[in-house]
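[1] Sequence first, then the predicted structure:
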Amino acid sequence: MIRLHDVAKEYTRTRVALSHVTCQIKRGEFVFLIGPSGSGKTTILRLLYMEEKPTHGDVWVNGVHSASAKRKEISQLRRKLGIVFQDFRLLEDRTAEQNVAFALEVTGASAATIPQRVTRVLTQVGLASKATQMPRQLSGGEQQRVAIARALVNDPYFLLADEPTGNLDERATRGVFQLLRDINASGTSVIMATHDLEMVRRADDARTIELNHGRVVFDSDETPPPETRYTPLLGQPAIGGPSEGNWPAPPRGKR
């Protein structure tokens with residue numbers, strides 16, 4: 001279970017990334033985070049990964065409270081949080097299987113179990129035949145599949161995906177999105193920040209949380225939508241009016 005209660009994140013007095021965000025995300029959900037650039041999507045993912053702490057409010061992830069969690073607790077939690085980025089972030093001097101194996105090595109996994117676990121997830125993402133290829137030998141879609149395999153190899157409860165299809169062409173986007181749907185169907189929660197509204201429309205059974213100016217303006221799971229107000233993003237009702245404007249993105253944290 002993920003729970004955010006009255007969460008705010010302020011970088012300076014004039015740069016408020018999140019304000020009064022409250023929501024719960026249950027195990028097994030597929031959740032889209034949508035909204036304009038700088039609306040707070042990536043900040044929420046950073047808070048869930050406990051890369052940053054909220055300025056105000058409470059963030060709970062799988063029973064761990066970010067405000068009071070010790071470094072060891074956060075490290076243990078992250079083993080059950082997979083994360084996927086827009087720019088893949090693969091090690092260019094390692095093969096696909098070595099990139100995936102690295103995620104196990106840094107957690108102290110038994111060396112005897114690593115090959116089998118790596119093969120399992122590369123098969124799951126459809127890349128078993130390309131395990132020994134270097135990132136430069138793979139297409140963008142294939143590189144993102146390696147990144148997803150790396151995120152899955154520790155059997156996470158939650159998969160956090162920050163614009164995972166942002167650098168992909170249409171065909172690769174469809175393939176990666178279907179893979180994420182399949183992963184969710186197997187029981188892993190997926191929380192995906194995206195600007196691809198056509199993808200959101202197609203997945204009408206998924207939950208959508210829309211952010212604007214750091215606030216939740218629409219939550220398809222918890223908000224009974226008014227009949228007469230519509231967001232231009234999705235063609236469906238919103239409680240906070242149309243999403244608009246671009247805020248400067250908050251500073252990049254360390255990964």
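    Received the coordinates, thanks. These numbers were taken from a predicted model, which means no experiment stands behind them. Numbers count the residues shown, from 1 in each chain.
[2] Just say helix, strand or coil for T123.
    Assigned by DSSP: H, G, I helix; E, B strand; the rest coil, the conformation of T123 is helix.
[3] these two touch, right, V176 and R145?
    Yes: the pair V176 and R145 passes the contact test of CB atoms under 8 Å, sitting 6.8 Å apart. To be clear about C-beta, it is placed using only N, CA and C from the backbone, and glycine gets the same treatment.
[4] Those two: which is more packed in?
    R145 (26 against 23; other CB atoms under 10 Å).
[5] SS state for that one?
    helix.
[6] so what pLDDT did the closest residue to L127 other than its chain neighbours get?
    For L127, ignoring the flanking residues on the chain, the nearest one in space by CB to CB, 6 or more residues apart in numbering is R145 at 5.4 Å. pLDDT, R145: 96.
[7] residue contacts, R145?
    By CB atoms under 8 Å, 6 or more residues apart in numbering, the contact set of R145 is V125, G126, L127, G175, V176, L179.
[8] Compute the distance between it and L179, please.
    7 Å (CB to CB, to the nearest Å).
[9] Spit out the residues that contact those two alike.
    Common neighbours of R145 and L179 (CB under 8 Å, 6+ apart) are V125, G126.
[10] Where does the prediction get shaky in the stretch 101-250 of the chain?
    222-250 (pLDDT under 70).
[11] Just the buried ones from the contacts of R145?
    V125, L127, G175, V176, L179 (16 or more other CB atoms under 10 Å).
[12] Which stretches in the protein count as strands?
    Taking DSSP state E, the strands of the chain run over residues 2-12, 15-25, 30-34, 56-61, 64-65, 81-84, 158-162, 189-193, 207-212, 215-219.
[13] mind giving me CSV with those strands and columns for distance to M199 and mean neighbour count?
    As requested, those are arranged in CSV below (distance: least, CB to CB, whole Å; neighbours: other CB atoms under 10 Å):
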stretch, distance to M199, mean neighbour count
strand 2-12, 22, 17
strand 15-25, 19, 19
strand 30-34, 8, 23
strand 56-61, 25, 18
strand 64-65, 30, 15
strand 81-84, 15, 24
strand 158-162, 12, 23
strand 189-193, 9, 24
strand 207-212, 11, 24
strand 215-219, 17, 21
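[14] Can you lay out those as a markdown table showing distance to L104?
    Output for the strands of the chain, formatted as a markdown table (distance: least, CB to CB, whole Å):
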| stretch | distance to L104 |
| --- | --- |
| strand 2-12 | 24 |
| strand 15-25 | 26 |
| strand 30-34 | 26 |
| strand 56-61 | 21 |
| strand 64-65 | 22 |
| strand 81-84 | 12 |
| strand 158-162 | 16 |
| strand 189-193 | 21 |
| strand 207-212 | 31 |
| strand 215-219 | 36 |
